[in-house]
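Q: From the sequence below, what's the structure:
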Amino acid sequence: MIGDPNHPPPNDIRPTDIPGVFHKSEKLLVALLESASQAILGIDPAGRIVLANRRTGEMFGYTTQELIGAGIELLVPESKRAAHGRQREDYFQRPRVRPMGIGLDLSGRRKDGAEFPVEVALSAVETEEGTFSIAFISDISVRKTLEEQLLRAQKMEAVGRLAGGVAHDFNNMLTVIAGYNRMILDELSTVDPLRGYAEEILKAADRAAALTNQLLAFSRRQIMQPRIINLNAVIGQTENMLRRLIGEDIQLVMSLGADTGNIRTDPHHVEQAIVNLAVNARDAMPAGGRIIIETSNVQIDETYAKTHMGVKPGEFVMIAVSDTGHGMDSATRQNIFEPFFTTKQRGKGTGLGLATVYGMVKQSGGDIWVYSEPGHGTTFKLYFPRVTEPVSPGLSEDPEPPRHEGGETVMLVEDEAQVRDLTERMLKQLGYSVLAAAHGKEAMDVSRAHPGKISLLVTDVVMPNMSGKQVADALLSSRPGLRVLYLSGYADNTVVHHGVLDSNVDFLSKPFSREALARKIREILSR
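A: Residues are numbered from 1 along each chain as shown. Predicted coordinates for the structure are as follows:
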């Protein structure tokens, strides 16, 4: 109801006084007010509510009878009531129209005490009984949520682009550092006093490579080799490792849905995400507690999709990791997926664990949601699109390809001089003849000048003027039997699509070792 008989609206704002069609149809005006998507309130100079439509009650949690005659400050957060009273008095002294959405940061208060963001438009109505204010109120909670998600996504995308670029250059340097260091180790005897120094350099390079890989995962430029997997099976394979990681004072509870469907993603990345979440849960329970890992099939509806940017309704498979730890406050929750943000002590974490989980889930086309309150633990829910295809065949029991003796001619195209020189040395040590080029045009010239067979093209992906893919396509037109191996420090869309490797592409991520290069080339040439 708009009002009640004990508190009728002022005469001058009754429907019968409005010109036009509403002279003949008071019911039409009542229906219009009652069907409005906004809360509509009438307030007298004393601040009492004299008019309230149905939406007002729905929005604030009161009945119309409770609202009529109550002070308008009832609907204002307690911390802002004093200021609102002064502003209301000022408004009635200088009545004016205030359009909706003029940039004011306003909040409403529901009957249960919950606060929520609102937009308010005001207008004044002059009557014989005085001036009355009409307020049109919109609940903008969903819009605010989406705005925050958009701003966060834009910020993380910008940081991700920077991280991807840094990782590309950094991986080139790590390739050189680790590669030449391995050659030094090959020349040092096991009793040489310098060997310990060289081994420490290699360990540092390996740690730096792992850190760079985390940056790529966050920025969604990590190379994925997706397969159809069953989430329960992947979790089962990590259970023993998880129990060792979390310790005996923490109980691990598995609650895996019997009919959980299949998903398409990189199983190694899923394992990494589960381990990251479990380790974080462990660290949140220094005195012990419980970690619960659950899986189930879920249906994401329009309501959820509307409040989660980039999510489409449909069938998903969910994995939830919950703990009974100390939980997080709102400020912490807002930042947990940002790279290098950590609540751990200095030296206890890089702040990239949750960032990599976020990047992996998003790169797989899914979504991630977190619930946490101080003293009430934390729950992370990861959603992956469900697929109907059967689980992909398992990987070969023997990852070692057939032995290949070398001797073939390999063309190497790499624009970074140090990486090119190192890779050329590696290839020659492995027994291959090498034709080296610094860019695509030089590669074309070298190919035309070489009368013999070229068995394999080893090319960087990201290069100026001509990308590795363009170089490969150009050489294949004149050498149709040429095999191609791509090298890169991060995912580039000329070879991969959104970080997902094509099934017919041979790829080796930088930094790589001589042994990894040898295995990959043997695999390609032995087919």
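Q: show me the biggest helix of this protein in terms of residues.
A: helix 141-187 (DSSP state H).
Q: Can you name the next helix or strand after that helix?
A: helix 195-218 (DSSP states H and E).
Q: From Gln299, how far off is Gly366?
A: According to CB to CB, to the nearest Å, Gly366 and Gln299 sit 14 Å apart. Glycine gets a C-beta too; all of them are placed from N, C-alpha and C.
Q: higher neighbour count, these two?
A: Neighbours were counted for Gly366 and for Gln299 using other CB atoms under 10 Å; Gly366 has more, 21 against 10.
Q: so the nearest residue to the more buried one once chain neighbours are set aside bridges to which residues?
A: Leaving aside its sequence neighbours, Gly366 sits nearest to Phe384 (CB to CB, 6 or more residues apart in numbering; 4.4 Å). Beta-bridge pairing for Phe384 (DSSP bridges): Val317.
Q: okay, Gly481: pLDDT?
A: We have a pLDDT of 87 for Gly481.
Q: Any idea which helix or strand in this structure has the lowest mean pLDDT?
A: Least confident element among the helices and strands of the chain, by mean pLDDT, DSSP states H and E: strand 500-501 (a mean of 45).
Q: next structured bit after it?
A: Per DSSP H and E, the first helix or strand lying C-terminal to strand 500-501 is strand 507-509.
Q: So for that next one, what gets flagged as buried?
A: 507-509 (16 or more other CB atoms under 10 Å).
Q: Could you dump these into a markdown table with distance to Gly327 added?
A: A markdown table is the format used below for these (distance: CB to CB, whole Å):
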| residue | distance to Gly327 |
| --- | --- |
| Phe507 | 41 |
| Leu508 | 43 |
| Ser509 | 37 |
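Q: just the residues you listed now: which is nearest Ala436?
A: Nearest to Ala436 among the buried residues of strand 507-509: Leu508, at 17.1 Å, using CB to CB.
Q: tell me which element the most centrally placed residue in the chain falls in.
A: By CA atoms, centre = their mean, the chain has its centre lying nearest to Tyr358, at 4.0 Å. When secondary structure is defined by DSSP H and E, Tyr358 falls within helix 353-363.
Q: tell me which element Tyr304 falls in.
A: helix 302-306.
Q: Pull out the CA atoms of that helix and give them to me as CSV.
A: In CSV, the C-alpha atoms belonging to helix 302-306 read as follows (Å, rounded to 0.1, in the frame of the first residue of the first chain):
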residue,chain,number,x,y,z
GLU,A,302,21.4,-16.2,-14.5
THR,A,303,21.3,-14.6,-11.0
TYR,A,304,24.9,-15.8,-10.2
ALA,A,305,26.1,-14.9,-13.7
LYS,A,306,24.7,-11.3,-13.4
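Q: most remote residue from the chain's center?
A: The chain, farthest from centre, CA atoms, centre = their mean: Glu128 at 58.6 Å.
Q: Give the buried residues for stretch 323-339.
A: Neighbour-count burial for stretch 323-339 [16+ other CB under 10 Å]: 323-328, 336-339.
Q: Same check on stretch 473-484?
A: So, applying 16+ other CB under 10 Å, buried residues of stretch 473-484: 474-475, 479, 482-484.
Q: quick one on the thing from earlier: with pLDDT, distance to Arg244 and secondary structure added, can I get the buried residues of stretch 323-339 in CSV?
A: Shown next, in CSV, are these (pLDDT from 0 to 100; distance: CB to CB, whole Å; DSSP: H, G, I helix; E, B strand; the rest coil):
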residue, pLDDT, distance to Arg244, secondary structure
Asp323, 93, 17, strand
Thr324, 93, 20, coil
Gly325, 91, 19, coil
His326, 89, 23, coil
Gly327, 90, 25, coil
Met328, 88, 26, coil
Ile336, 79, 25, coil
Phe337, 76, 27, coil
Glu338, 70, 30, coil
Pro339, 65, 28, coil
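Q: Just flag the most distant two among those.
A: Using CB to CB, the pair of those lying farthest apart is Thr324 and Pro339, separated by 27.5 Å.
Q: Going along the chain, name the strands of the stretch 351-500 of the chain.
A: For the stretch 351-500 of the chain, applying DSSP state E, counting those that start in this stretch gives strands covering 367-372, 378-387, 409-413, 433-437, 456-460, 483-488, 496-497, 500-501.
Q: any weak-confidence spans in the protein?
A: Counting by pLDDT under 70, the ranges of the chain that qualify are 1-26, 98-104, 149, 153-157, 159-165, 213-225, 307-310, 339-352, 394-406, 490-503.
Q: which of the strands of the stretch 351-500 of the chain sits most buried?
A: strand 456-460 (a mean of 25; mean count of other CB atoms under 10 Å).
Q: What pairs with it, parallel or antiparallel?
A: strand 409-413 (parallel), strand 483-488 (parallel).
Q: who touches the first one?
A: Read it as strand 409-413. 420, 423-424, 427, 432-440, 442-443, 446-447, 450, 452-460, 463, 468, 471, 475, 521 (CB atoms under 8 Å, 6 or more residues apart in numbering).
Q: Then stretch 472-486?
A: 411, 440, 443-444, 447-448, 453-461, 466, 468-469, 495, 505-508, 520-521, 524-525.
Q: Return the set of buried residues in stretch 296-305.
A: Under the neighbour-count criterion of 16+ other CB under 10 Å, stretch 296-305 has 296, 298, 300, 304 buried.
Q: Any buried residues in stretch 243-258, and which?
A: 246, 250, 252, 256-257.
Q: So what's the gap between it and the chain middle?
A: Chain-centre distance of stretch 243-258: 26 Å, with CA atoms, centre = their mean, to the nearest Å.
Q: got the CA positions of that stretch in PDB?
A: The C-alpha coordinates for stretch 243-258 follow below in PDB (Å, rounded to 0.1, in the frame of the first residue of the first chain):
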ATOM      1  CA  ARG A 243      48.400 -35.200   4.000                       C
ATOM      2  CA  ARG A 244      52.200 -34.900   4.200                       C
ATOM      3  CA  LEU A 245      52.100 -31.200   3.500                       C
ATOM      4  CA  ILE A 246      49.500 -30.200   6.100                       C
ATOM      5  CA  GLY A 247      50.900 -32.200   9.000                       C
ATOM      6  CA  GLU A 248      49.400 -34.500  11.500                       C
ATOM      7  CA  ASP A 249      47.700 -31.800  13.600                       C
ATOM      8  CA  ILE A 250      45.300 -31.000  10.800                       C
ATOM      9  CA  GLN A 251      42.500 -33.300   9.700                       C
ATOM     10  CA  LEU A 252      41.900 -33.700   6.000                       C
ATOM     11  CA  VAL A 253      38.300 -34.500   5.100                       C
ATOM     12  CA  MET A 254      37.400 -35.600   1.500                       C
ATOM     13  CA  SER A 255      33.800 -35.300   0.400                       C
ATOM     14  CA  LEU A 256      33.900 -36.000  -3.300                       C
ATOM     15  CA  GLY A 257      30.600 -36.200  -5.200                       C
ATOM     16  CA  ALA A 258      30.000 -39.700  -6.600                       C
END
